[in-house]
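Enquirer: The sequence and its predicted three-dimensional model are supplied below.
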Amino acid sequence: MNPIKIDKARDWSLRTPCAVFYGVLASNLRDVIDPSIPTACTDGKVIRWNPEFVAGLSDEETRFVLLHEAMHCGLGHFWRLPISTDGNKAGDYAINAILSRIPGTKMPAGGLLDARFANMAEEEILAAIAQKPKPEPKPDPEQAEDGDGGRGGDFGKPAPADGQQEAEDGDGQGEAADGQGEAEDGQQEAEDEGGCGGFSEPAPDAPDEEGLQDRWEAAVLQADYVSKSLGQGNAPAEMQRMIDAVKISSVSWKNEMAEFVRSQIATRSDWSRSSRRMAGAPVIYPRRKKDRPGLVVFVRDTSGSIDGKILSEFNSHIETAMAETGCSALVLDADAVVCGEYRLEAGDTVPQTAQGGGGTDFRPAFDRAAALAEDGEQIAGLVYLTDLEGAEPDSADFPVLWLCTGNATARTGRTVKIK
């Protein structure tokens, strides 16, 4: 088998507008020629190709398989789906539904495609597959096994003359290349999780699951950025949902907090507005401390929902923010009430021990900040570290950044999830 065929598929994917997103994903995987596997598969680091399998593919089919393996990684199947034959099949159905719409590619005979699973998430497809009764296994001494620990291995041998193709994914539920109908069962169901079309034991040098996820989440964002910046197509709707989720989870709350303080100090440098408390008086009184860069209110939720490590990091970043911007800080400890209040200047140390431990109500801290603003204090913004499980204010008259350790999103301001 000449590897040039695979190289040509990669080059095509990076030059073709409708495929460049997938091509960038595929550029994160190296190619390895491996006769021990039946078709092709990936472990998140490389794509392993059976040379005879590749030799029998057309250019369009080679492109399809290349993008198919990259999509296993980009869609997060290594950590989203179980390590099983059914888990691999669920991923195949989802991937092939996407790639079948890309001009210039063709699904090889034996690939899994079913209109019933259109617009379904992999987890939904997996549940539907699990409910189907499995056919009686039929012994086949020629059945190969996939032993490299990767996703894929789902494309069958060249189709017989009658157009029917028996799948090599272990259960014989293969489909014709156009996705119409299911082929007759003619392959042995894999009795373990290392059969063709599923996972085997991970390779000794396989990356840990957490590291693999971080790597591919970054790769997905890179692919999205490159394809959009080149004006060469966008990610499919099915993957856009994952991109949006990755963007949220990959945000550094520490960077967001620092940027929030810097931006609010910079944009609210004009403190010429009068004190609202005196707005109705015949003489307009300017706000006090006009030459100061403003006060940032930092609130620590002390109801017991924040662990010590995150709280310690929060304290450290308060000190850094004051040093970088010259702002003053008001640190409030709050559960159902404000339990502690500390006025700090650049160079001061944030008290490490937080006071409180009762219920949760966010409104008292906001009320305290609003009272200071009414009295003429220059409130640049408020940063609240919490799990967002409590009563929120209906509105705020200053910018708000919520650093949330849970899954909730606040009604006011901006919410950044702490991963």
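Expert: Looks like it came in fine.
Enquirer: Do you have the strands of the stretch 1-150 of the chain handy? List them.
Expert: Assigned by DSSP state E, counting those that start in this stretch, the stretch 1-150 of the chain shows strands spanning 30-33, 40-42, 46-49.
Enquirer: Tabulate these in a markdown table, adding columns for distance to L332, mean neighbour count and mean pLDDT.
Expert: C-beta: built from backbone N, CA, C; applies to glycine. Below are those laid out as a markdown table (distance: least, CB to CB, whole Å; neighbours: other CB atoms under 10 Å; pLDDT from 0 to 100):
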| stretch | distance to L332 | mean neighbour count | mean pLDDT |
| --- | --- | --- | --- |
| strand 30-33 | 53 | 14 | 92 |
| strand 40-42 | 50 | 28 | 90 |
| strand 46-49 | 52 | 24 | 92 |
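Enquirer: Which of these sits closest to V220?
Expert: Taking CB to CB, strand 40-42 is the member of the strands of the stretch 1-150 of the chain nearest to V220, at 15.0 Å.
Enquirer: same for the closest one, what does it pack against?
Expert: strand 46-49, helix 59-74, strand 151-152 (3 or more CB pairs under 8 Å, 6 or more residues apart in numbering; DSSP states H and E).
Enquirer: just checking, G347 touches S328?
Expert: No: G347 is beyond contact range of S328, at 11.2 Å (criterion: CB atoms under 8 Å).
Enquirer: Mutual contacts of those two, please.
Expert: When contacts are counted by CB atoms under 8 Å, 6 or more residues apart in numbering, G347 and S328 have M322 as shared neighbours.
Enquirer: can the strands of the stretch 1-150 of the chain go into JSON lines with extra columns for distance to D92?
Expert: Below are those laid out as JSON lines (distance: least, CB to CB, whole Å):
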{"stretch": "strand 30-33", "distance to D92": "20"}
{"stretch": "strand 40-42", "distance to D92": "11"}
{"stretch": "strand 46-49", "distance to D92": "15"}
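Enquirer: and A70, what does it touch?
Expert: Y22, L25, A26, N28, L29, T42, I47.
Enquirer: What is the nearest of those residues to A118?
Expert: For the contacts of A70, the nearest to A118 is Y22 (19.0 Å; CB to CB).
Enquirer: Quick check: the closest one touching C73?
Expert: No: in this structure, Y22 is not within contact of C73 by CB under 8 Å, at 10.8 Å.
Enquirer: More neighbours: which of the two?
Expert: Y22 (29 against 25; other CB atoms under 10 Å).
Enquirer: Having no further points to raise, I will conclude here.
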